[in-house]
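K.L.:
everything below, folded, please.
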Amino acid sequence: MEAPLYNQEGSKIGTVSVPDNIFGIRWNANLVHDVIEMMRSSRRIPIAHVKGRGEVRGGGKKPWRQKGTGRARHGSIRSPLWPGGGVTHGPTKERNFSKKINKNVKKKALAAVLSRKLKEGEVIFLDALDFSAPKTKIAASTFRAFGESAGFEKFASRGGRTLVLLAEPKKDTIRAIRNLPYVEVEESRNINVEQALTPKFLVITKDALSKISA
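P.N.:
Sure thing, here's the model as predicted:
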């Protein structure tokens, strides 16, 4: 499968071969939804927590003797029956929200997202991405010029959030991009379904293409 290849100035310089098993499969909304839900659930941290009778302070002494008082028998003032006692069946921080999904399912979901974005013209393949200096101003002007030359409206701007995938972490490139409000940078081998689905555009360098696993 062939896709257009651009240079940094926004000119089309040829084509690049992309694997069909990553960029040429059918869209599967249910699969992508399941993986996204798994990722969000696994990040969820339980905050609500109530103390059971074993956690509430005090209550070591029996309130009154077992028989002869005419009152109901009690063993501790920290019983859930007492005001200020423990709570029964309340939310606890031990609750685990994480879910598990097979690795192959994650890969298929990522391939489904990448295939759809390529079909909709939201994946851009670059021959290389280099800046003359690690300056945010230079990166911003480069992306602005690229969007105008290549015909991608709102590229790397409001309404056109962009994720740049590199083969390896280049310090100068990361320094130039990290302060741009609508552009993020990541290694292609670390890309996941949520990262691929969130931005409008995906920019993939030619070297980074071979490291995408799906």
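K.L.:
show me the strands in this protein, by range?
P.N.:
With DSSP state E as the criterion, the chain has strands at 2-6, 12-17, 123-126, 162-166, 183-187, 201-205.
K.L.:
mind listing what's buried along the first one?
P.N.:
The neighbour-count criterion (16 or more other CB atoms under 10 Å) identifies 5-6 as the buried residues of strand 2-6. C-beta here means a position set from N, CA and C on the backbone, and glycine is covered the same way.
K.L.:
so what's the residue count around K62?
P.N.:
The tally of other residues near K62 (other CB atoms under 10 Å) stands at 12.
K.L.:
just send the strands of the chain back as CSV, with distance to N104 and mean pLDDT too.
P.N.:
As requested, the strands of the chain are exported to CSV (distance: least, CB to CB, whole Å; pLDDT from 0 to 100):
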stretch, distance to N104, mean pLDDT
strand 2-6, 24, 93
strand 12-17, 24, 93
strand 123-126, 22, 95
strand 162-166, 22, 95
strand 183-187, 21, 94
strand 201-205, 22, 95
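K.L.:
so where is the protein shaky, pLDDT-wise?
P.N.:
214 (pLDDT under 70).
K.L.:
show me it divided up by domain.
P.N.:
Following automatic domain parsing, one gets these domains for the chain: 2-44+101-209, 46-96.
K.L.:
so who does the closest residue to K93 other than its chain neighbours touch?
P.N.:
Among residues not flanking K93 along the chain, H49 sits closest, at 4.2 Å (CB to CB, 6 or more residues apart in numbering). Counting by CB atoms under 8 Å, 6 or more residues apart in numbering, H49 makes contact with 91-93.
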